[in-house]
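J.: Here's my sequence, what's the structure:
(chains A, B, C and D)
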There are 2 protein chains.
Amino acid sequence: MIISITEENYLKAIFSATTHTTGRVGNQLIAEKLTINPASVTEMLRKLDEKKLISYDRTNGAKLTKEGLKAAVKVIRKHRLWETFLVEHLNFTWAEVHEVAEQLEHIQSDKLLNELGNFLGNPNFDPHGDPIPDGNGKIPILKSKILAEVEIGRKVKVVKVADNTASFLKYLDKQGIALTDTIIVKEVQDFDKSLLVELKGKIELYLSAEAAKKIMVE
Amino acid sequence: MIISITEENYLKAIFSATTHTTGRVGNQLIAEKLTINPASVTEMLRKLDEKKLISYDRTNGAKLTKEGLKAAVKVIRKHRLWETFLVEHLNFTWAEVHEVAEQLEHIQSDKLLNELGNFLGNPNFDPHGDPIPDGNGKIPILKSKILAEVEIGRKVKVVKVADNTASFLKYLDKQGIALTDTIIVKEVQDFDKSLLVELKGKIELYLSAEAAKKIMVE
DNA sequence: GAAAATATTTAGGGAATCCAAATTTTATTT
DNA sequence: AAATAAAATTTGGATTCCCTAAATATTTTC
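T.: Numbers count the residues shown, from 1 in each chain, chains lettered A, B, ... in the order given. Take a look at the predicted model:
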């Protein structure tokens, strides 16, 4: 079956909207994720339903079918493999990869996908710590929690960022925080919940509560 | 300026049509290259003219402007770099790369283009022996002639194929002919102009006149 | 230079997406 | 349950390409 780029983007949006909140998504949320007008969503959802990529029900919203899930996961695999490629081999920073990967994820070639995976050693996580589905659609699980919930004195490792926007990632770069770095929470400020942390066993720095919610550790 | 994928394909078609025959191309030929209806071409040529990517004149046809040429050459650079990448790093054969490169050539990212070039060592020729324009749009020149015109007894080297279709390339694979192989023409059959050649100093084989016109040597 | 052949343009449509505004449906409050 | 708020849908356009068929131009041939 042919799935257009636009359709792939809808599937991705539905996937990411339903991945945490088990259940269904409404038009509104999909429109937001794709930054398009809710009016445009109805037509497409109906079409995806006809193609059996989602099941759609006006009252409860949309949900991926088995086949739709498979297609969505494949696009995500492509996206994350390309991000890995860009960072590991083409000197991109983690703040630069998203835009380009959004384009590369739509290239259609099973051989390309396969070979790219092999070339990279079929990694399990991308440069942001997001899990990369394998060729069968199985998604590695990373048990992690947000830095904001770590007890004082506990030594943890940064394994993922929960916000892939360039502005947040550049902020982390500026603070010198990267995946695999170790962090120990030294203090929590009562009034604003900001943290004083020790980074990589040497530097001490303050992180806002917002930042601490977007840094995932293990 | 934003140039759509369709527009890029038109520019490429015009480039390849005018590259040998200095001058202008008509709608007919462009339509053929893009396998679309000639009637569809008019509108687009007018649009490209408005965007100053071509100069268009109903009687004489289309010709790339300086800016249009630059855009076309950039797409070709991307196409050929990707082909090189696929063959050198992802185990693609020269018969398999074209289709995928047709997609990859439209990815928009100057950094990607640059870094890909560096990653590959900024090669001058792609897996088919076609010249890869450099970052400034300069196209390496390869002096070569068709095998059919080589004198008997002369030792030459295969440097390019003049037909990138999978069927021809697979035929060459079957015959064991690849770029950089040495060839000596032993005999020319009078009645059909087919050649008896010595390949890589060992094998002797017959090549049809058609094949000999599509193998470029130096 | 007129007829024939070839190339281009026009006219009328269609498919895929998108939007804004109006309307309808559903959910929430009182 | 009626009123209000929120969400989804419909309507009427727009855009970008592409198509077919018919009308025009242009070029070639006799």
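J.: Spell out the residue ranges of the helices in chain A.
T.: Secondary structure of chain A (DSSP state H): helices located at A:5-18, A:27-33, A:38-50, A:66-89, A:97-104, A:110-120, A:166-175, A:209-214.
J.: could I get these as TSV with mean pLDDT, mean neighbour count and distance to chain B?
T.: Just so you know, the C-beta spots here come from the backbone N, C-alpha and C atoms, and that holds for glycine as well. Below are the helices of chain A laid out as TSV (pLDDT from 0 to 100; neighbours: other C-beta atoms under 10 Å in any protein chain shown; distance: least, C-beta to the nearest C-beta, whole Å):
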stretch	mean pLDDT	mean neighbour count	distance to chain B
helix A:5-18	95	20	10
helix A:27-33	92	17	22
helix A:38-50	93	16	20
helix A:66-89	97	21	6
helix A:97-104	97	19	5
helix A:110-120	98	16	4
helix A:166-175	97	15	13
helix A:209-214	96	18	25
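J.: Need those helices in JSON lines (columns: distance to residue B:192).
T.: Formatted as JSON lines, these follow (distance: least, C-beta to C-beta, whole Å):
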{"stretch": "helix A:5-18", "distance to residue B:192": "49"}
{"stretch": "helix A:27-33", "distance to residue B:192": "64"}
{"stretch": "helix A:38-50", "distance to residue B:192": "56"}
{"stretch": "helix A:66-89", "distance to residue B:192": "49"}
{"stretch": "helix A:97-104", "distance to residue B:192": "48"}
{"stretch": "helix A:110-120", "distance to residue B:192": "38"}
{"stretch": "helix A:166-175", "distance to residue B:192": "63"}
{"stretch": "helix A:209-214", "distance to residue B:192": "72"}
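J.: among the ones you listed, which is nearest residue A:186?
T.: Closest approach to residue A:186 among these (C-beta to C-beta): helix A:209-214, 12.7 Å.
J.: can you tell me which residues contact the residue nearest to residue A:125 when sequence neighbours are not counted?
T.: Nearest-residue entry for residue A:125: residue A:131, 5.9 Å, with adjacent residues in sequence omitted and distances by C-beta to C-beta, 6 or more residues apart in numbering or on different chains. Taking C-beta atoms under 8 Å, 6 or more residues apart in numbering or on different chains as the contact definition, residue A:131 lies against A:80, A:124-125, A:139-142.
J.: As a markdown table, these with distance to residue B:25 would be great.
T.: What follows is the contacts of residue A:131, written out as a markdown table (distance: C-beta to C-beta, whole Å):
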| residue | distance to residue B:25 |
| --- | --- |
| A:80 | 42 |
| A:124 | 50 |
| A:125 | 50 |
| A:139 | 50 |
| A:140 | 52 |
| A:141 | 56 |
| A:142 | 55 |
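J.: What is the nearest of these to residue A:12?
T.: Nearest to residue A:12 among those, with distances taken as C-beta to C-beta, is residue A:80, at 11.7 Å.
J.: No further questions, thank you.
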